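**Student:** Structure, please.
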Amino acid sequence: MGSSNAFEYGAVEKQRTVTSMTNNVKRILSGHGIAETEMEGVKISITGSCYTVSGVGDEKKRLAVEAELNTYSYEATLSWLNVHCYITGVRPQGYVLSGMLMRAESFLQGVGKSEVRLTELSIGDDGKIHGLTPALEEYFAGVEVGENINVWNGPKELVNDTIGRKEWQTKRNYKWFLESVVTEIQHRGYENLPKLTHVFEMKDGRLTFHY
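**Tutor:** You can find the predicted model right below:
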């Protein structure tokens, strides 16, 4: 496939993604009684894993949409953010760490099967993670990370892509990843970590993406 055809193919794929995401947002809004003629200017903003909705005239409906979105899993939210990055082609400062935090929260929710948060975990003087749920303790039982673990050998910008690969997802690698993120939180303070806001806005009947 020539470069021109490849470019056209990429453009078509992006348009398909935008159309699919637009239809998804329209479905959510219409499910709460918001007519398509009332959707212009509606914004869905994601900061961390928190959704906020604006541009809806009826406050009761706005709160209902917001409440539904905030029930989404971390993995579902991460898929929204991945689409945002794919369409905009922009990875602003803090994008990598923000994505790592989301993936770590998703892992805790999925494997930990509880609402334990990253801020509840710590690395003790023994070098081990403290605050894990019984399910996570069992999951990591007998797993040692070791000093020479080679889980990621690329530019830092690729870390989120790397940990998304199925072959990477072993207990040892997940333990290393979780230890790394918790250590970063302890070192910098959760309140000082980058919190990007991804905005999805309805304009002219289609979803637009910006920061």
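
**Student:** Quick check, Tyr139 in contact with Lys171.
**Tutor:** Yes: if you go by Cβ atoms under 8 Å, Tyr139 and Lys171 touch, sitting 6.6 Å apart. No exception for glycine: its C-beta is placed from N, CA and C like everyone else's.

**Student:** Tell me which of those two has more neighbours.
**Tutor:** The neighbour count for Tyr139 versus Lys171, taken as other Cβ atoms under 10 Å, is higher for Tyr139 (17 against 14).

**Student:** what about the closest residue to that one other than its chain neighbours, which helix or strand?
**Tutor:** Nearest non-adjacent residue to Tyr139, counting by Cβ to Cβ, 6 or more residues apart in numbering: Val111, 5.5 Å away. Applying DSSP states H and E as the criterion places Val111 in helix 95-112.

**Student:** got it, and Val199?
**Tutor:** strand 197-203.

**Student:** and that strand, what does it pack onto?
**Tutor:** helix 3-30, strand 43-47, helix 74-88, strand 206-210 (3 or more Cβ pairs under 8 Å, 6 or more residues apart in numbering; DSSP states H and E).

**Student:** tell me the angle of the third one relative to helix 3-30?
**Tutor:** Spelled out, it's helix 74-88. 130 degrees (axes from the mean of the first three to the mean of the last three Cα atoms, to 10 degrees).

**Student:** what's the pLDDT at Glu66?
**Tutor:** For Glu66, the pLDDT comes out at 96.

**Student:** can you pull the buried residues of the helix or strand containing it?
**Tutor:** Assigned by DSSP H and E, Glu66 falls within helix 59-69. Neighbour counts over helix 59-69 (16 or more other Cβ atoms under 10 Å) mark Lys61, Arg62, Ala64, Val65, Glu66, Leu69 as buried.

**Student:** who's in contact with that helix?
**Tutor:** Applying Cβ atoms under 8 Å, 6 or more residues apart in numbering, the contact partners of helix 59-69 are Ile28, Leu29, Gly31, His32, Gly33, Ile34, Ile44, Tyr51, Thr52, Val53, Ser54, Val56.

**Student:** Serialize those to JSON lines and add fields for distance to Val12, pLDDT and neighbour count.
**Tutor:** Putting these into JSON lines (distance: Cβ to Cβ, whole Å; pLDDT from 0 to 100; neighbours: other Cβ atoms under 10 Å) gives the following:
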{"residue": "Ile28", "distance to Val12": "25", "pLDDT": "97", "neighbour count": "15"}
{"residue": "Leu29", "distance to Val12": "26", "pLDDT": "97", "neighbour count": "21"}
{"residue": "Gly31", "distance to Val12": "29", "pLDDT": "97", "neighbour count": "11"}
{"residue": "His32", "distance to Val12": "32", "pLDDT": "98", "neighbour count": "18"}
{"residue": "Gly33", "distance to Val12": "34", "pLDDT": "97", "neighbour count": "12"}
{"residue": "Ile34", "distance to Val12": "30", "pLDDT": "98", "neighbour count": "20"}
{"residue": "Ile44", "distance to Val12": "25", "pLDDT": "98", "neighbour count": "22"}
{"residue": "Tyr51", "distance to Val12": "29", "pLDDT": "94", "neighbour count": "20"}
{"residue": "Thr52", "distance to Val12": "32", "pLDDT": "96", "neighbour count": "15"}
{"residue": "Val53", "distance to Val12": "30", "pLDDT": "98", "neighbour count": "23"}
{"residue": "Ser54", "distance to Val12": "31", "pLDDT": "98", "neighbour count": "13"}
{"residue": "Val56", "distance to Val12": "32", "pLDDT": "97", "neighbour count": "21"}
